[in-house]
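>>> Any chance you could fold what I've pasted below:
(2 chains)
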Amino acid sequence: MTDADPTLFAQVRDPANRADPYPLYARLRAHPVARQDDGLWVASGYAAIRALLHDPRVSSQDLPRSEHPRTGNPVKDWVVNPLKDWIINRHRPFIFRDPPAHDALRRQVMGQFTVSRVRGMKRRTEALVAEHLEACAGCTPFNLVDDLAYPLPVTVICELLGVPREDEPRFHGWATQLATALEPESRTDPAVHARNVATFDAIADYMRDLIRAKRRRPADDLLSGLATATDPEAGRMSDPDLVATAVLLLIAGHETTVNLITNGMLTLLRCPDELARLRADPERAPRVIEELLRYEPPVHFRTRLALAPIPIGGAVIPEGAPLVLLFAAGSRDPARFPLPDRFDPDREDNQHFGFGGALHYCVGAPLARIEAEAALTALATRLRAPRLAEDPPPYRPGASLRGPQRLLLHIDGVD
Amino acid sequence: MRVVVDLNRCQAYAQCCYAAPEHFVLQGDEILVYDPAPPAAARAALDRAVQACPVRAIRVEHDEDRAGAGP
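Residues are numbered from 1 along each chain as shown, chains lettered A, B, ... in the order given. Just a heads-up that it's a prediction; the model follows:
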């Protein structure tokens, strides 16, 4: 075997390759687990990713310590902000936690992410989609990102959490800023980092007040449930954990869903036969969505940390090594999926990594499916003669949460 | 219709319970209770559950499949 090119993942991160990273993923998969020249280890083969997802030596606690940027104000720099950092470091959201702390937090969230609460959003989501689409009726081209895919998930998650409607516009701004927090670059670029810290502080302050209000007057919403429920083992969730959880649900539920809807419509327009089939038979939507999660997933990779040396695929990931699980490459591994670069909703045995896997499997998956189904079914059946105004579209900078910045569609009207 | 869940594969991701709540319920953390012989009208909901299962543990046999398969 030839030596692996240790710059392949740097090329994946290069915005120039954002529109089509899949040829790079194919080259990475020649070595399913490979060290990059910056010390990062990248798992790109299906079997390797699956094994690492289930490996207790692989930690999700890979966030660097929270550190507020200096302000010049001594009270903030020496008292307030160090205290905030201390709290943040001790109360990370559960996506960045390992068992057993992870399990208790996740169990409490799942206890509130009930079937009836999630299913209860279905009709409301469909109504929101219809509202947004009808507003686009006279516009051509319209921008699918700004006009539907972006506003929809924030409204849905705010209503599920129980954020008062009049506060929702603030969430749209916060969600936009915090989406960059999951990109590795946000940890190294001081300007991005400072903006993320400020946004996190603002939203944490807001959430603390909202949680207090929910405790005083609980309603039938997720945040009231979390704020008042008592877990048999863990007891009542602490305020800092509640804040961290609420922020996580907002971020994780937002840009990912935007990408699923936008990548979905882009893919369908590139595969007109599949768009026609969905239009003729909306019951194909669940298959279309699972195949999208494999073929053009909203989250391309997540990072981890090796807690011990891990022998895998002929290599040994050393203790302490930062690790990338390149889900989008694994979901196109020809060793696992026949004709992986073909978009085929009729594919059997589609065990994709679109929602990750193992103990961190996406909590919001059922909600994402509801939102994507409502949006894509309506787009397929109600848009008259939709066509792409530009292909490829421009992409946002993120390599992990990857999706178009805008998706301009020409249409002849909305039915 | 007949529903078969491979309980060796099932890892209690509970996605079927959201996709088809009338037909799949998780009791406690990992006991899956499901309707093995649902009515034909449940077809779309069951297909949702089949598709949503992260480990593809659910199989639905439609009556016409079995009739077509022959003896």
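>>> secondary structure element for the closest residue to chain B within chain A?
As assessed by CB to the nearest CB, chain B sits closest to residue A:366 within chain A, at 3.5 Å. The way it works is simple: take the backbone N, C-alpha and C, and place the C-beta from them, glycine included. Using DSSP states H and E, residue A:366 sits within helix A:365-382.
>>> List the buried residues in that helix.
Under the neighbour-count criterion of 16 or more other CB atoms under 10 Å in any protein chain shown, helix A:365-382 has A:365-380, A:382 buried.
>>> ditto for stretch A:309-321
Judged by neighbour count using 16+ other CB under 10 Å, the buried positions of stretch A:309-321 are A:310, A:312, A:313, A:315, A:317, A:321.
>>> tell me the least confident of those residues?
Among those, residue A:313 has the lowest pLDDT, at 84.
>>> Verify the contact between it and residue A:50 for me.
No: look at residue A:313 against residue A:50 with CB atoms under 8 Å: they stay out of range, at 11.7 Å.
>>> thinking again about what came up before, dump the residue contacts of the residue of chain A closest to chain B.
For residue A:366, the contact set (CB atoms under 8 Å, 6 or more residues apart in numbering or on different chains) comprises A:113, A:118, B:15, B:18, B:19, B:52.
>>> Compile the residues you listed into CSV and extend it with columns for neighbour count.
Output for those, formatted as CSV (neighbours: other CB atoms under 10 Å in any protein chain shown):
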residue, neighbour count
A:113, 21
A:118, 20
B:15, 23
B:18, 22
B:19, 26
B:52, 24
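>>> Export those as JSON lines, with columns for secondary structure, distance to residue A:8 and pLDDT.
Listed next are the contacts of residue A:366 as JSON lines, based on DSSP: H, G, I helix; E, B strand; the rest coil; distance: CB to CB, whole Å; pLDDT from 0 to 100:
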{"residue": "A:113", "secondary structure": "coil", "distance to residue A:8": "37", "pLDDT": "94"}
{"residue": "A:118", "secondary structure": "helix", "distance to residue A:8": "38", "pLDDT": "95"}
{"residue": "B:15", "secondary structure": "helix", "distance to residue A:8": "33", "pLDDT": "96"}
{"residue": "B:18", "secondary structure": "helix", "distance to residue A:8": "37", "pLDDT": "96"}
{"residue": "B:19", "secondary structure": "helix", "distance to residue A:8": "37", "pLDDT": "96"}
{"residue": "B:52", "secondary structure": "helix", "distance to residue A:8": "33", "pLDDT": "97"}
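>>> Next, count neighbours for residue B:42.
For residue B:42, the count of nearby residues is 17 (other CB atoms under 10 Å in any protein chain shown).
>>> next one: the one 4 residues further on
The tally of other residues near residue B:46 (other CB under 10 Å) stands at 23.
>>> thinking again about what came up before, could you point out the helix or strand that follows the helix holding residue A:366?
Scanning forward in sequence from helix A:365-382 by DSSP H and E, the next helix or strand is strand A:387-388.
>>> any idea how far residue A:379 is from residue A:139?
Distance of residue A:139 to residue A:379, computed by CB to CB, to the nearest Å: 14 Å.
>>> Can you tell me the closest non-neighbouring residue to whatever residue of chain B ends up closest to chain A?
Here chain B gets closest to chain A at one residue, residue B:18, 3.5 Å apart by CB to the nearest CB. Spatially, and ignoring its direct neighbours in sequence, residue B:18 is nearest to residue A:366 (3.5 Å; CB to CB, 6 or more residues apart in numbering or on different chains).
>>> so residue A:233 makes contact with residue A:104?
Yes: assessed by CB under 8 Å, residue A:233 is found in contact with residue A:104 at 6.4 Å.
>>> Show me which residues of the stretch 251-400 of chain A sit near chain B.
Within the stretch 251-400 of chain A, the positions lying close to chain B (CB under 8 Å from any CB of the partner chain) are A:283, A:286-287, A:289-290, A:349-351, A:355, A:357, A:361, A:365-366, A:369.
>>> Pull out the buried members of those residues.
Buried among these by 16+ other CB under 10 Å: A:286, A:287, A:289, A:290, A:350, A:351, A:355, A:357, A:361, A:365, A:366, A:369.
>>> so which helix or strand takes in the first one?
Spelled out, that is residue A:286. Secondary structure (DSSP H and E) places residue A:286 in helix A:285-295.
>>> That helix: how far from the chain's middle?
16 Å (CA atoms, centre = their mean, to the nearest Å).
>>> Name the strands paired with the following helix or strand past it and say parallel or antiparallel.
Remark: after helix A:285-295, the chain's next helix or strand is strand A:302-306, criterion DSSP H and E. Partner strands and pairing direction for strand A:302-306 (DSSP bridges) are strand A:58-59 (antiparallel), strand A:322-325 (antiparallel).
>>> what's the offset of strand A:302-306 from the middle of its chain?
16 Å.
>>> Could I get the CA-only coordinates of that strand as CSV?
Taking Å, rounded to 0.1, in the frame of the first residue of the first chain, the C-alpha atoms of strand A:302-306 are listed here in CSV:
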residue,chain,number,x,y,z
ARG,A,302,-17.4,14.6,14.9
THR,A,303,-14.3,14.8,17.0
ARG,A,304,-13.2,12.5,19.9
LEU,A,305,-10.2,11.8,22.1
ALA,A,306,-8.3,8.5,22.6
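>>> Show residues contacting that strand.
Outside strand A:302-306, the residues touching it (CB under 8 Å, 6+ apart) are A:41, A:52, A:57-62, A:184, A:317-325, A:327, A:356, A:360, A:400.
>>> among the residues you listed, which ones are buried?
Counted by 16+ other CB under 10 Å, the contacts of strand A:302-306 give A:41, A:52, A:58-60, A:184, A:317, A:321-325, A:327, A:356, A:360, A:400 as buried.
>>> returning to what we had before: redo the contacts of residue A:366 as CSV? Include distance to residue A:132.
Shown next, in CSV, are the contacts of residue A:366 (distance: CB to CB, whole Å):
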residue, distance to residue A:132
A:113, 25
A:118, 21
B:15, 27
B:18, 24
B:19, 24
B:52, 25
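>>> Give me the local confidence score for residue A:232.
On the pLDDT scale, residue A:232 gets 89.
>>> Greatest separation within the residues of the stretch 251-400 of chain A next to chain B: which pair is it?
Taking every pair in these and measuring CB to CB, the maximum separation is 26.6 Å, between A:283 and A:357.
>>> hang on, the earlier thing: in contact with the residue of chain B closest to chain A, which residues are there?
Counting by CB under 8 Å, 6+ apart, the residues that residue B:18 touches are A:115, A:118, A:119, A:365, A:366, A:369, B:52.
>>> and the residue lying closest to residue A:112 once chain neighbours are set aside, helix, strand or coil?
Leaving out its chain neighbours, the residue that sits closest to residue A:112 by CB to CB, 6+ apart is residue A:225, at 4.0 Å. Of the three states, residue A:225 takes helix under DSSP: H, G, I helix; E, B strand; the rest coil.
>>> For residue A:137, see how far away residue B:2 is.
Taken as CB to CB, the span from residue B:2 to residue A:137 is 45 Å.
>>> Would you check that residue A:136 makes contact with residue A:149?
No: look at residue A:136 against residue A:149 with CB under 8 Å: they stay out of range, at 11.8 Å.
>>> Among the two, which residue is more densely surrounded?
residue A:149 (29 against 20).
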